[in-house]
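S.K.: Have a look at this prediction, sequence included:
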Amino acid sequence: MGLLVILFVMIAVSAGFFYLLGRDTARNRDGCLKRHPVAVKIFLWLYVVFAGCFVFPVRSEQASLDFTKIYLLIVSYGIIGLGFAGVYGTKKEKVIYPLVLVFTAAGMACRYLLEYGEVSNSYNFIIHNIMAYLALIPLFTVLAYHYIVEYLVSKK
């Protein structure tokens, strides 16, 4: 029941954000991010929780590592890094890493609760998968953010 409430809140916040974004973008595309920074941050944080819930685990005993899973992982967290570059600006790695770590852990907790009592938890939530995911995902996101800020945003 609690997960349904979380899902409903995520959908409602996303729908409200996209409504505001669509309405404001029609008038002035450049100022939307500056006028609604909290809404953009909330959407970005919820996206990290969503990705932490539904992209985890990268590999398990039952699901082998395949190209589509790696592609989804790279694209999802690359977009999150791009979002953080747009919201936080330059040189905020020390802020972004703990945020991604905490919200990814929250997403994994949601995944655990979503599959509570199922046999998939016994082979998805092994210590190796948990530690690897919590170590590599925030690191990759910060590296994507750093690359985007250094090479794409600074070149403009």
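M.R.: That came in fine, so what should we check first? Numbers count the residues shown, from 1 in each chain.
S.K.: give the contact list for F140.
M.R.: Contact analysis of F140 by CB atoms under 8 Å, 6 or more residues apart in numbering lists I74, Y77, G81. Placement of C-beta: from N, CA and C, glycine included.
S.K.: And those residues, which is closest to I137?
M.R.: Nearest to I137, judged by CB to CB, of these is Y77 at 6.2 Å.
S.K.: where does that closest one fall, helix, sheet strand or coil?
M.R.: Using DSSP: H, G, I helix; E, B strand; the rest coil, the structure places Y77 in helix.
S.K.: Please tell me the pLDDT value assigned to it.
M.R.: What the model reports as pLDDT for Y77 is 88.
S.K.: Same check on the one 10 residues further on?
M.R.: V87 is assigned a pLDDT of 83 by the prediction.
S.K.: Give me the buried subset of the contacts of F140.
M.R.: Using 16 or more other CB atoms under 10 Å as the burial test, the contacts of F140 include Y77, G81 as buried.
S.K.: and of the contacts of F140, the nearest to H128?
M.R.: Y77 (19.7 Å).
S.K.: pretty sure that closest one contacts L139?
M.R.: No. Counting by CB atoms under 8 Å, Y77 stays clear of L139, with 9.9 Å between them.
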